[in-house]
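A.B. asks: take this sequence and fold it.
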Amino acid sequence: MQVDSIRRQDPLRQVLAETMGVNLHLSRAFILALLTIAVMFTAIVLIVWGIVLSFGGPANTLLYLFFFGDAGLLITVIEIARRKKKQAG
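C.D. replies: Okay, the predicted model is just below:
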């Protein structure tokens, strides 16, 4: 069965095959690139959302920029740290 061969090859493909019910014949680098793009897009959306919501007044400005800006930056920092950890070891 194809799912068994995927299970032996790569845990990332195994998770995608089991959760999505799809047998992907994509390279691991391509899958990781798609996941990275999704994480970075989420970070950008959170930062932009904080900027847009900040137009409610001076008190809201600091609150929203702090919360959503930091959440977006935190996601970005976690992604960068994860990549560096994989490259190092």
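
A.B. asks: drop to CA atoms for contacts and neighbour counts, all remaining ones
C.D. replies: Noted.

A.B. asks: roughly how far apart are residue 31 and residue 71?
C.D. replies: Here the distance between residue 31 and residue 71 works out to 24 Å (CA to CA, to the nearest Å).

A.B. asks: so for these two, which sits in the more crowded spot?
C.D. replies: Shown here are residue 31 and residue 71; by other CA atoms under 10 Å, residue 71 has more neighbours (18 against 15).

A.B. asks: surely that one meets residue 43?
C.D. replies: Yes: Residue 71 is in contact with residue 43 according to CA atoms under 8 Å; the separation is 7.2 Å.

A.B. asks: so where do the helices sit in the chain?
C.D. replies: In the chain, the segments counted as helices under DSSP state H are 2-9, 11-20, 28-53, 58-88.

A.B. asks: got the buried residues for the third one?
C.D. replies: Applying a neighbour-count criterion of 16 or more other CA atoms under 10 Å, one finds 36, 39-40, 42-44, 46-51 buried in helix 28-53.
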